[in-house]
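> need the 3D shape of this:
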Amino acid sequence: MNSAVVIWLTAIRPKTLPLACAAIILGSSLASFHGFYDGSILLLSLTTALLLQIVSNLANDYGDAISGADNEQRVGPLRVMQAGLVTQQEMKKALALAVCLVVLSGVSLLYVAFAENFIFIIGFLLLGGVAIIAAITYTMGEKPYGYKGYGDISVFVFFGLVAVMGSYALYAQSVHLALLLPASCCGMLCASVLNINNLRDVYTDTEAGKNTLVVKLGVQNAIRYHWGLFLLAEVCTMAYIFTFSLPLLTWLHLIPWLILLHSARKLVHFENSALMNQQLKVTSLATFFYCLLFSVGLIF
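A predicted model of the protein is given here:
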């Protein structure tokens, strides 16, 4: 494979992309369960979510390299700018291209979903603009909010509330309050993935002045926070199941949830970078399958 292709595949971090799909799949299955579905909306929603995640990954690679959070002491996966494989200008051009693609995909999605519903189109355009800005300014700009400990809130809002309830609204052109339960669940599970990442990088982040929530809380409290995310997420899911008397198959989500609980036991070894990278992968995939199996239970 061409070396340039390998470099840019590394930059977009394919292993993070399934997590971007989790909320879309969940929101779409909830809409289908309540009688709303459109294959074109699903395809464009997934495309837009994937492109937005790529924007976030490229911006993260750029921002952490510039700030020094990514350096020779980094214990996580390779970052192409920090490694000198991509220049600042090349990364900026790639980021601009990714933003253009996500805008094109997002506008196409809104046209298919809302047609002549001008109010919804304007509202979702504003929401999409905020999401793009949030993805970029997490680590880029003069005051990146990820360096102030607000990354977890952003993940909860955009990977949970906005993604699940927003994708539901694309089909139904409405939302109901109870959707806060599965949306919050998805947001908390996605935040747990970020928490593992920040636990692994706690020392280099501290040295670089990147005050993530883990740096602010301390390692032991961050591990307790991690357990709390898993437990509260499951409470939200079960509350939704009992509220709507959902099919028994939705209980399949308990399989990846138990895997998540097992993986959390290993966080005490946060200084073992190889183990933490493994747990990051396990947690990300288990979160994806949590949403997928719950969705399968809804549909079938």
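> leaving out the residues flanking it, which one is nearest to residue 95?
Using Cβ to Cβ, 6 or more residues apart in numbering and skipping residues adjacent in sequence, the residue nearest residue 95 is residue 58, 4.7 Å away. C-betas here are computed from N, CA, C, even on glycine.
> what residues are up against the one you found?
For residue 58, the contacting residues are 11-12, 91, 94-95, 98, by Cβ atoms under 8 Å, 6 or more residues apart in numbering.
> who's in contact with residue 175?
Neighbours of residue 175 in contact, by Cβ under 8 Å, 6+ apart: 165, 168-169.
> scan those and report the most crowded one.
Compared across those, residue 168 has the highest neighbour count, 26 neighbours, by other Cβ atoms under 10 Å.
> next one, pLDDT for that residue please.
In this model, residue 168 is scored at 98, pLDDT.
> how close does it sit to residue 249?
20 Å (Cβ to Cβ, to the nearest Å).
> ditto for residue 184
For residue 184 relative to residue 249 (Cβ to Cβ), the value is 22 Å.
> so the two - more neighbours on which side?
residue 184 (22 against 14).
> need phi/psi at that one.
Dihedral pair for residue 184: phi -70, psi -40, per degrees, to the nearest 10.
> from what I see, residue 266 and residue 277 are in contact.
No: judged on Cβ atoms under 8 Å, residue 266 makes no contact with residue 277 at a distance of 11.7 Å.
> what mean pLDDT does stretch 171-178 get?
95.
> can I get the CA coordinates of it in CSV?
The C-alpha coordinates for stretch 171-178 follow below in CSV (Å, rounded to 0.1, in the frame of the first residue of the first chain):
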residue,chain,number,x,y,z
TYR,A,171,-36.8,10.6,10.8
ALA,A,172,-39.7,11.7,13.0
GLN,A,173,-39.3,15.5,12.8
SER,A,174,-40.0,15.5,16.5
VAL,A,175,-38.5,14.1,19.8
HIS,A,176,-39.9,12.9,23.0
LEU,A,177,-38.5,13.6,26.5
ALA,A,178,-37.9,9.9,27.3
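> may I see the buried residues of that stretch?
For stretch 171-178, burial by neighbour count (16 or more other Cβ atoms under 10 Å) applies to 171-172, 175.
> can you redo these as JSON lines with distance to residue 83 and secondary structure?
Output for the buried residues of stretch 171-178, formatted as JSON lines (distance: Cβ to Cβ, whole Å; DSSP: H, G, I helix; E, B strand; the rest coil):
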{"residue": "171", "distance to residue 83": "42", "secondary structure": "helix"}
{"residue": "172", "distance to residue 83": "45", "secondary structure": "helix"}
{"residue": "175", "distance to residue 83": "43", "secondary structure": "coil"}
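> mind putting these into TSV with distance to residue 147?
Converted to TSV, the buried residues of stretch 171-178 look like this (distance: Cβ to Cβ, whole Å):
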residue	distance to residue 147
171	37
172	38
175	33
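> what residues does the spatially closest residue to residue 295 that is not a sequence neighbour make contact with?
Spatial nearest neighbour of residue 295, excluding adjacent residues (Cβ to Cβ, 6+ apart): residue 29 at 3.4 Å. Residue 29 sits next to 294-296, 298-299 when contact means Cβ under 8 Å, 6+ apart.
> between the residues you listed, which has the most around it?
residue 294 (29 neighbours).
> am I right that it is in contact with residue 26?
Yes: between residue 294 and residue 26 there is a contact under Cβ under 8 Å: 6.7 Å.
> quickly list what's touching both of the two.
With Cβ under 8 Å, 6+ apart, residue 294 and residue 26 have common neighbours residue 182.
> Provide a list of residues in contact with residue 112.
Neighbour list for residue 112: 38, 40-41, 44 [criterion: Cβ under 8 Å, 6+ apart].
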